[in-house]
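> What follows is a predicted protein model with its sequence.
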Amino acid sequence: MTESAANVSSPNASLRVDLDKKVEDFRAYEPAPERVHTFYRLNHAHQTRAFVQAKKQQYLGLDHRRMGIWPALEYLNTLVDDSDPDTELSQIDHCLQTAEAIRRDGHPDWFQLAGLVHDLGKVLCLWGEPQWAVVGDTFPTGCAYSPKIVLSEYLKDNPDNGDPRYQTRLGVYEENCGFDKVDLSWGHDEYMYHVARPYLPEPALYMLRYHSFYAAHREDEYAYLMDDRDREMFAWVKLFNQYDLYSKDHAKPDATALRPYYEALIEKYFPAQVRF
Ligand SMILES: [Fe+2]
Ligand SMILES: [Fe+2]
């Protein structure tokens with residue numbers, strides 16, 4: 001834990017961004033581009049509990065590659081996220097926009113750094129994982145699906161939907177067991193959480209791990225699986241989401257000019273080589 005994590009019990013600032021489009025025009029899934037529907041049809045059909053557990057087994061040993069954080073961002077930069085209706089910007093642009101919006105509002109450096117690295121787990125796509133197994137909103141497997149999950153109608157095609165063990169309110173979980181025990185659909189959030197776990201303070205780790213869990217942080221679903229720590233930390237996840245989402249409206253950041261500032265931040269928290 002870093003020194004600045006001492007005063008992280010609750011976020012105390014709000015978002016100040018100037019938007020060129022209305023808040024309700026973000027995450028407009030109906031109508032969404034056909035590519036977004038195609039994406040969620042695949043994601044919802046294939047993200048079973050068994051699939052999630054197999055991917056954790058495959059990747060969470062972090063023995064895939066060693067990279068510095070900035071080179072990893074550059075490596076990621078070739079990817080365009082099919083699940084995102086709001087941006088055609090490159091990944092590094094989006095990461096820098098998010099970090100810069102957090103910085104403009106005067107938040108601590110570890111919060112800015114969380115903004116910078118929050119999507120870095122999308123490198124999974126560059127290792128042959130299909131986008132439906134990396135990006136998009138996440139949702140719990142092993143228990144009943146909330147109708148508030150994005151494009152939830154496509155979950156009818158998930159094999160777990162026909163398994164009675166997984167379709168009760170609690171499914172395989174216990175009341176208030178904590179999200180740490182819940183197998184969310186697999187993707188870049190869980191992966192990056194594990195990559196960053198030794199290095200960033202707890203609120204930053206919550207942001208990384210749950211930023212795509214809109215059913216929880218936006219719709220307040222699945223509260224019965226949260227423990228007290230989750231409830232406290234989700235204030236940070238909700239605050240982070242404002243920056244992840246609404247900074248997408250801003251102009252393309254100047255990566256060359258910003259690089260020295262963020263390299264120094266990276267060096268403060270991460271080693272030169274990080275296990276992925
Ligand atoms: Fe993300
Ligand atoms: Fe993002």
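The structure has been received and is ready for your questions. Ligands and ions are numbered 1, 2, ... in the order given.

> which bits of the chain sit near ligand 2?
Residues of the chain found near ligand 2 (C-beta under 5 Å from the ion) are Asp119, Asp244. Quick note: C-beta positions are derived from backbone N, CA and C, even for glycine.

> Below-threshold pLDDT in the chain: ranges please.
1-26, 28-30, 85-87, 249-250 (pLDDT under 70).

> can I have the longest helix along it written out in PDB, keeping just the CAs?
The longest helix of the chain (DSSP state H) is helix 228-246. Coordinates of the C-alpha atoms in helix 228-246 are reproduced here as PDB (Å, rounded to 0.1, in the frame of the first residue of the first chain):
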ATOM      1  CA  ASP A 228     -19.000  -4.600   3.300                       C
ATOM      2  CA  ARG A 229     -15.600  -4.000   1.600                       C
ATOM      3  CA  ASP A 230     -17.200  -4.100  -1.800                       C
ATOM      4  CA  ARG A 231     -19.900  -1.600  -0.700                       C
ATOM      5  CA  GLU A 232     -17.200   0.800   0.500                       C
ATOM      6  CA  MET A 233     -14.900   0.400  -2.500                       C
ATOM      7  CA  PHE A 234     -17.700   0.700  -5.100                       C
ATOM      8  CA  ALA A 235     -17.900   4.400  -4.500                       C
ATOM      9  CA  TRP A 236     -14.500   4.500  -6.200                       C
ATOM     10  CA  VAL A 237     -15.600   2.200  -9.100                       C
ATOM     11  CA  LYS A 238     -18.500   4.500  -9.700                       C
ATOM     12  CA  LEU A 239     -16.400   7.600  -9.700                       C
ATOM     13  CA  PHE A 240     -13.900   6.000 -12.000                       C
ATOM     14  CA  ASN A 241     -16.600   5.100 -14.500                       C
ATOM     15  CA  GLN A 242     -17.400   8.800 -15.000                       C
ATOM     16  CA  TYR A 243     -13.900   9.200 -16.400                       C
ATOM     17  CA  ASP A 244     -13.700   6.000 -18.300                       C
ATOM     18  CA  LEU A 245     -17.000   6.900 -20.100                       C
ATOM     19  CA  TYR A 246     -17.300  10.600 -20.400                       C
END
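
> Mind listing what's buried along that helix?
Buried residues in helix 228-246, counted by 16 or more other C-beta atoms under 10 Å: 230, 232-246.

> For Tyr243, which non-adjacent residue is spatially closest?
For Tyr243, ignoring the flanking residues on the chain, the nearest one in space by C-beta to C-beta, 6 or more residues apart in numbering is Ala101 at 4.7 Å.

> and Arg218, how many neighbours does it have?
By other C-beta atoms under 10 Å, the residues close to Arg218 number 16.

> circling back to that earlier point, starting at the chain centroid, how far to the longest helix of the chain?
Offset of helix 228-246 from its chain centre (C-alpha atoms, centre = their mean, to the nearest Å): 11 Å.
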